[in-house]
Each structure stands twice: as structure tokens, then as C-alpha cells.
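Enquirer: coords please:
(one chain, ligands or ions: 1)
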Amino acid sequence: MKSQQLILIISVVAMMSMLLVKTVHSTDTQHSFVGIKPQLVADFIFSVIEADRTLYARQVVDRMKDTGTVIASESWMHRNALPLPSQLLLMAGKRVEGNGLGLTYRLASLSPIYEKNGPATDFERKGLEAVINKPEKPFSGIIHKGQQPYFQSIYSDKAVSKACVNCHNSHVLSPKHDYQLHEVMGGVIISFPLE
Ligand code: HEC
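Expert: Numbers count the residues shown, from 1 in each chain. As a prediction, this is how the structure comes out:
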């Protein structure tokens, strides 16, 4: 009888310790390995870029122009002017790239004013085409730079004001001169390493 009781106690203790190990293990797994989905990370990054771009355009560029303080111009560096919102986004993207985290973003288009802003890969070309047809849905996937896998997401960039359309349509280097208001003009391309 006594030995049976002993065996029972030992097995209960053994089972409890196994359960404990399992609990600790699964808690550990939760903290160390389960990450945020890459699409959500890209959405977070895009929402910051989009907020900065819109606020810069509305609260800085438009207000400065309305109050007659200073205008925004492509040649801002050589005159008394602010950078264009698209130039600010591109400069900020270069700065982020310089941080060396592997995160990159830029503004691109299938009909770019400057060739450097055209698609750099087939994936980017496909993405820029896809967001023209479905502007509300980012085009995403895994790409490789060397051996390293990257998550890439392309978000539509629309002509939200007449100024977008007028400037691009009249720019001497623009290959497209018939942009319409609300049309998708290009996309914001975000990439970051998955490992
Ligand atoms: C006053 C002129 C001007 C206005 C207004 C303007 N852009 Fe641009 N945009 C440019 C220039 C110049 C570039 C190229 C910047 C560079 O690469 O340095 C550019 C770049 C872009 C690009 C990248 C592809 C390309 O053409 O090189 C997109 C997409 C774009 N603009 C969309 C927009 C949208 C959307 C708006 C309105 C919210 C807008 N632009 C307003 C002049 C303008």
C-alpha cells in the first residue's frame, strides 16, 4: 500500500514538473520566436511615411505658399524654396538606408520623371502595375538580395491634388502628360530583411 502511494506521489510530481517545463518552454517560445507578420510591419512603416508626407505637404508646403512665405520647388537647393514632398520622401529614404538596418523605401513609377525612380526589378514592375489596378491593396512578396530574403511591399501613390497632375504633366522630363486627378501615379516601395 505504502509503495503504491509513493509511486502515485512520484508520478504526480513527475507530471507536474513536465507540465511546468512545458509552460516555461511555451512562454519562452512566445517571447523569443513569435514575431509580427511582415505585412503588418510594412503597413506600420507605410503609415508613418504616408503621415509625414501628407503633413509636410499640407502643413508646411501649402501653408508657406498660402501665406506667401516661401514656395516649394524642385530646385530648392539653389533658391529660396522648400523641397517638394516627393523629394523629401526620397531624401528621407536615402537617410534611412544609410542607417544600415536594411530598411529601404522610395517613391517609384512606371512613367517616372527620372529614370532612377523607375522599377529596378521585375517584382517592382509587377507591383507598380498591380497597384494601378487595385490601389487599395499593397502588392507584397519575398525577394532576395544575394542570399538574404527581404519582404517587399508596394503601396499605391495617387494624384491627391491638382498640383500633382499639373506639375508632372508639364515637367519637361516626364514621359507622361495626361495624368488625371485621383489617378495612381506610382507607388511607395518598402523593403526590409526577414533575418
Ligand atoms: C512641383 C512639381 C511636383 C509636384 C507638385 C509633385 N511632384 Fe511628384 N515629382 C516631382 C519631381 C521633380 C520628382 C522627381 C524627384 C527626384 O527624383 O528627385 C517627382 C517624383 C514623383 C514620383 C516618383 C516617380 C517620378 O516621377 O520620378 C511620384 C510617384 C510622384 N512624384 C508622385 C507625385 C504625387 C502623387 C504628387 C502629389 C501629391 C506629386 N508627385 C507632386 C515633381 C512634382
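Enquirer: tally of neighbours for residue 35?
Expert: Neighbourhood size, residue 35 [other C-beta atoms under 10 Å]: 9. C-beta: built from backbone N, CA, C; applies to glycine.
Enquirer: Same question for residue 100.
Expert: For residue 100, using other C-beta under 10 Å, the count is 7.
Enquirer: Repeat that for residue 44.
Expert: Counted with other C-beta under 10 Å, residue 44 comes out at 11.
Enquirer: got a pLDDT number for it?
Expert: Here the pLDDT value assigned to residue 44 is 98.
Enquirer: Tell me how far it lies from residue 155.
Expert: Using C-beta to C-beta, to the nearest Å, residue 44 is found at 12 Å from residue 155.
Enquirer: domains for the chain, by residue range?
Expert: 1-34, 37-193 (automatic domain parsing).
Enquirer: least reliable of those going by mean pLDDT?
Expert: Among the domains of the chain, domain 1-34 scores lowest, with a mean of 51.
Enquirer: Next, residue 61: secondary structure please.
Expert: helix (DSSP: H, G, I helix; E, B strand; the rest coil).
Enquirer: ok, it - contacts?
Expert: 72, 82, 84, 85 (C-beta atoms under 8 Å, 6 or more residues apart in numbering).
Enquirer: Quickly check: stretch 66-77 near the ligand or not.
Expert: Yes. Residues of stretch 66-77 contacting the ligand under C-beta under 6 Å from any ligand atom: residue 74.
Enquirer: can you tell me if the strand or helix carrying residue 191 touches the ligand.
Expert: Using DSSP states H and E, residue 191 sits in strand 184-193. Yes. With C-beta under 6 Å from any ligand atom as the criterion, the ligand is reached by strand 184-193 at 185, 186.
Enquirer: Sheet partners, orientation included, of that strand?
Expert: strand 104-108 (antiparallel), strand 148-158 (antiparallel) (DSSP bridges).
Enquirer: picking up where we left off before, so which of the domains of the chain is the most surrounded?
Expert: For those, the largest average neighbour count (mean count of other C-beta atoms under 10 Å) is found in domain 37-193, namely a mean of 15.
Enquirer: Would you mind listing what in the chain touches the ligand?
Expert: By C-beta under 6 Å from any ligand atom, the residues of the chain that approach the ligand are 74, 84, 86-87, 90, 107-109, 112-114, 117, 157, 159-161, 163-164, 167-168, 185-186.
Enquirer: Kindly recompute the last result at 8 Å.
Expert: Neighbours of the ligand within the chain, by C-beta under 8 Å from any ligand atom: 53, 57, 72-74, 84-87, 90, 107-109, 111-114, 116-118, 157-161, 163-168, 171, 173-174, 185-187.
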